[in-house]
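**Q** Kindly return the folded structure for what I paste below:
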Amino acid sequence: MSDAIKHECGIALLRLKKPLEFYKEKYGSTFYGIQKMYLLMEKQHNRGQDGAGFASIKIDVEPGERYISRVRSNDAQAIQDVFKQINERINEEMTSHPEYADDVALQKANIPYIGELFLGHVRYGTFGKNSLESVHPFLRQNNWMHRNLIIAGNFNMTNVKELFNSLVELGQHPKEMADTVTVMEKIGHFLDEEVTELYQECKNNGLSKREASAVIAEKLDISKILKRASRGWDGGYAMVGLFGHGDAFVFRDPAGIRPAYFFEDDEIVVVASERPVIQTVFNVPFEKVQELKPGNALIIKKNGKITEEEIITPTEKKACSFERIYFSRGSDAEIYKERKELGKLILPAVLEAIENDTDNTVFSYIPNTAETSFYGMVEAANDFLNHRKNHFILDNRKTLTKEKLEQILSVKIRTEKIAIKDAKLRTFITDDKNRDELVAHVYDVTYGVIKPTDNLVIIDDSIVRGTTLKMSIIKMMDRLNPKRIIIVSSAPQIRYPDCYGIDMAKLEGLVAFQAAIELLKERNLYKIVDDVYKKCKKQEGLKDSDVVNYVTEIYSPFSDMEISNKIAELLTTSSVKAAVKIIFQSVDNLHIACPKNLGDWYFTGDYPTPGGNRVVNRAFMNFYEGKDARAY
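**A** Sure thing, here's the model as predicted:
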């Protein structure tokens, strides 16, 4: 993606089902779990580079022995920094105590981070917060082992204020109004109630407090806790929780907005945000990795029993399509096919833009995530060219010479690597004019491969704000002196803010919205803006379930093509000599290419939860009122 946008997070959970001695004997190290966690997190660094965190729990330790370890970092190389800290501590202990070398029991008792249950997290700071305190996992501490709770997740809640107020009504005093804190405290509240109820039951049965501890660990009903805690949640989430005594869960939202996959055998249970991560790290086939069902929790008990239980009744599945278009690793077999299909499906619109003149067209892509859709587009272009060759040969078969046939068969689709990203330039200069000059040089171009009679087709996976296109890419492409520049987005027009984990919170930052507003002004239809504002304002006191997304009316007077043409106009400066056209994928084609991920609210305004409609209306009111504020 040429525009830099950020995705919420990536999660990793690992539970070792055998005694640590087993992994020492089979894999040569008691640190097997830590090593695998490093890989699980590093393979998901695409999901977050602002911070990383790790937590581990030792199961069945003696009183007085430390059983929870946690380390977090907001370093520029956060994952490496986390494991550098872990390794330094382990090496320090091993060097100071040579007797630990081959004694697994001593290692477990005395060295932090070694254990049977692990949690890892990588994050982007979507709210601009990147202090160490904002980095997951979060820890809720208690002297009772069962009441210790560790939470990390890939989630955004749309109704944080309401969740915060519900905690206040329960008598709590949350330290901040953040979704992670409110979620953790809500779970923690019902965890405390469940432990208290179980303890009272044990007490009534004549058990001592120490005897009750083992019974509580066995009977703790995680499903019940999650059902009670999640009432009223509105958002997209895949969250992981660890309890101090060794139970764990992974919980996914009922619309399946955020992803979660798991694999289990007789040695391990592993969960990650992405399937190929599990495949690679544990060398397991595609079909062995399962998707956690929406509204379900994978519950891992201390005794090793694993169940998948429905916590919230699933709604219509609206898994995030941006996962497939851009964020997830393209090495996933399904995602790779889907991205290629996105490229194939948009070719007819490209052919129309170049008037079917493939002979005088160069196809390329903006590195690097659009490369797969580029392959799909080029495959479809080759099919088109071969079809045209076949027709010509059949139509002229009686007069065709060997030389003419060789000439026809030698014609190929022209592909080049045109755009080269030099580096991520830091905007350390605050003056807009000078900063824009820096941004203009983010990309360089390959000279000498474009003729003045050529069309230059560049595919990107999506266009959000269009800033890099305007300030850098289109200008750099124009230096090659093509006849036309056609920018192709494998995703549809992004028209609405996201409130479930992608950092697209403000309507005015979306170039499609800017284009619609400009069209309304040009055609004397700006009264629609005033009307939409009034409608949004009237809904401020309504329940989320009663709120309607009236912002769709901003776009309704115009065709997709009209908005695309206006976007091209907005992103083309007066210095550009070539004709510029911008083509977007259709929503129908997106659904054809990605049939399992139908979450398309940023394109259509069809939000999968009631809170989404409230957020988009608030974003519009902020725009209308000139407030530079987030809508959630």
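**Q** Could you check the pLDDT of residue 477?
**A** In this prediction, residue 477 carries a pLDDT score of 94.
**Q** and it, what helix or strand is that in?
**A** Taking DSSP states H and E as the criterion, the element that holds residue 477 is helix 474-478.
**Q** which element follows that helix toward the C-terminus?
**A** The first helix or strand that comes after helix 474-478 along the chain, using DSSP H and E, is strand 484-489.
**Q** Direction included, what does that next one pair up with?
**A** strand 455-460 (parallel), strand 579-584 (parallel) (DSSP bridges).
**Q** Would you mind listing the outside residues contacting it?
**A** Where contact means Cβ atoms under 8 Å, 6 or more residues apart in numbering, the residues beyond strand 484-489 that reach it are 346, 349-350, 353-354, 377, 455-463, 469, 473-474, 477-478, 568, 576, 578-585. Glycine gets a C-beta too; all of them are placed from N, C-alpha and C.
**Q** Highest mean neighbour count out of the strands paired with strand 484-489?
**A** Of all these, strand 455-460 carries the top mean neighbour count, a mean of 26, counting by mean count of other Cβ atoms under 10 Å.
**Q** Past it, which element shows up next along the chain?
**A** helix 467-468.
**Q** what's the spacing between that next one and its chain's center?
**A** Computed by Cα atoms, centre = their mean, to the nearest Å, the chain-centroid distance of helix 467-468 equals 21 Å.
**Q** Check which helices and strands that helix is in contact with.
**A** On a contact count with 3 or more Cβ pairs under 8 Å, 6 or more residues apart in numbering; DSSP states H and E, helix 467-468 meets no helix or strand.
**Q** Surely residue 213 and residue 147 touch.
**A** No - between residue 213 and residue 147 there is no contact under Cβ atoms under 8 Å: 11.2 Å.
**Q** coming back round to it: and the helix holding residue 477, C-alpha only, in CSV?
**A** Output in CSV follows, covering the C-alpha atoms of helix 474-478 (Å, rounded to 0.1, in the frame of the first residue of the first chain):
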residue,chain,number,x,y,z
ILE,A,474,2.3,10.2,-10.1
LYS,A,475,4.9,12.9,-10.3
MET,A,476,7.7,10.3,-10.6
MET,A,477,5.8,8.2,-13.2
ASP,A,478,5.3,11.4,-15.2
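**Q** hmm, back to that, if I look at residue 213 and residue 147, which residues touch both of them?
**A** In contact with both residue 213 and residue 147: no residue, using Cβ under 8 Å, 6+ apart.
**Q** can you give me the strands for the stretch 101-250 of the chain?
**A** 117-123, 138-140, 149-157, 235-243, 248-252 (DSSP state E, counting those that start in this stretch).
**Q** Quick one: mean pLDDT over the shortest one.
**A** Strand 138-140 shows an average pLDDT of 94 in the prediction.
**Q** What is that strand packed up against?
**A** By 3+ Cβ pairs under 8 Å, 6+ apart, strand 138-140 packs against strand 149-157, helix 179-204.
**Q** Pick the most deeply packed of the ones you listed.
**A** Ranked by mean neighbour count under mean count of other Cβ under 10 Å, those are led by strand 149-157, which reaches a mean of 26.
**Q** quick check: angle from that one to strand 235-243?
**A** Interaxial angle of strand 149-157 relative to strand 235-243 (axes from the mean of the first three to the mean of the last three Cα atoms, to 10 degrees): 180 degrees.
**Q** How about residues contacting the helix or strand residue 528 falls within?
**A** Here residue 528, judged by DSSP H and E, is contained in helix 527-538. Helix 527-538 is contacted from outside by 517, 520, 548, 550-551, 553-554, 557, 617-618, 620-621, 624, using Cβ under 8 Å, 6+ apart.
**Q** and if you look at stretch 279-295?
**A** For stretch 279-295, the external contacting residues (Cβ under 8 Å, 6+ apart) are 36, 39-40, 43, 238, 250, 252-256, 259-263, 268, 270-271, 275, 278, 298, 308, 310-315, 317, 319, 331, 333.
**Q** for this protein, what helix or strand is lowest in average pLDDT?
**A** helix 432-439 (a mean of 55; mean pLDDT, DSSP states H and E).
**Q** Quick check: next helix or strand after that one?
**A** Counting by DSSP H and E, what follows helix 432-439 is strand 443-445.
**Q** gap between that following strand and the chain center?
**A** That offset, for strand 443-445, works out to 27 Å (Cα atoms, centre = their mean).
**Q** And for stretch 217-225?
**A** Stretch 217-225 has its C-alpha centroid displaced from the chain centroid by 30 Å (Cα atoms, centre = their mean).
**Q** Name the residues that touch it?
**A** For stretch 217-225, using Cβ under 8 Å, 6+ apart, the contacting residues are 145-146, 187, 190-191, 194-195, 198, 243, 245-247, 249, 297, 299, 301-303, 309, 311.
**Q** Filter the residues you listed down to just the buried residues.
**A** The neighbour count (16 or more other Cβ atoms under 10 Å) marks 145-146, 187, 190-191, 194-195, 198, 243, 245-247, 249, 297, 299, 301-302, 309, 311 as buried among the contacts of stretch 217-225.
**Q** so how far is residue 242 from residue 115?
**A** 10 Å (Cβ to Cβ, to the nearest Å).
**Q** Could you pull out the residues contacting both of those two?
**A** residue 57.
**Q** before we move on, back to that, now render the strands of the stretch 101-250 of the chain as CSV, adding distance to residue 561.
**A** Formatted as CSV, the strands of the stretch 101-250 of the chain follow (distance: least, Cβ to Cβ, whole Å):
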stretch, distance to residue 561
strand 117-123, 39
strand 138-140, 47
strand 149-157, 33
strand 235-243, 31
strand 248-252, 38
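**Q** If I average pLDDT within each of the ones you listed, which one is lowest?
**A** strand 149-157 (a mean of 90).
**Q** Which neighbouring elements make contact with it?
**A** strand 9-16, strand 51-57, strand 117-123, strand 138-140, helix 179-204, strand 235-243.
**Q** what about 7 Å?
**A** Applying 3 or more Cβ pairs under 7 Å, 6 or more residues apart in numbering; DSSP states H and E, one finds that strand 149-157 contacts strand 9-16, strand 117-123, strand 138-140, helix 179-204, strand 235-243.
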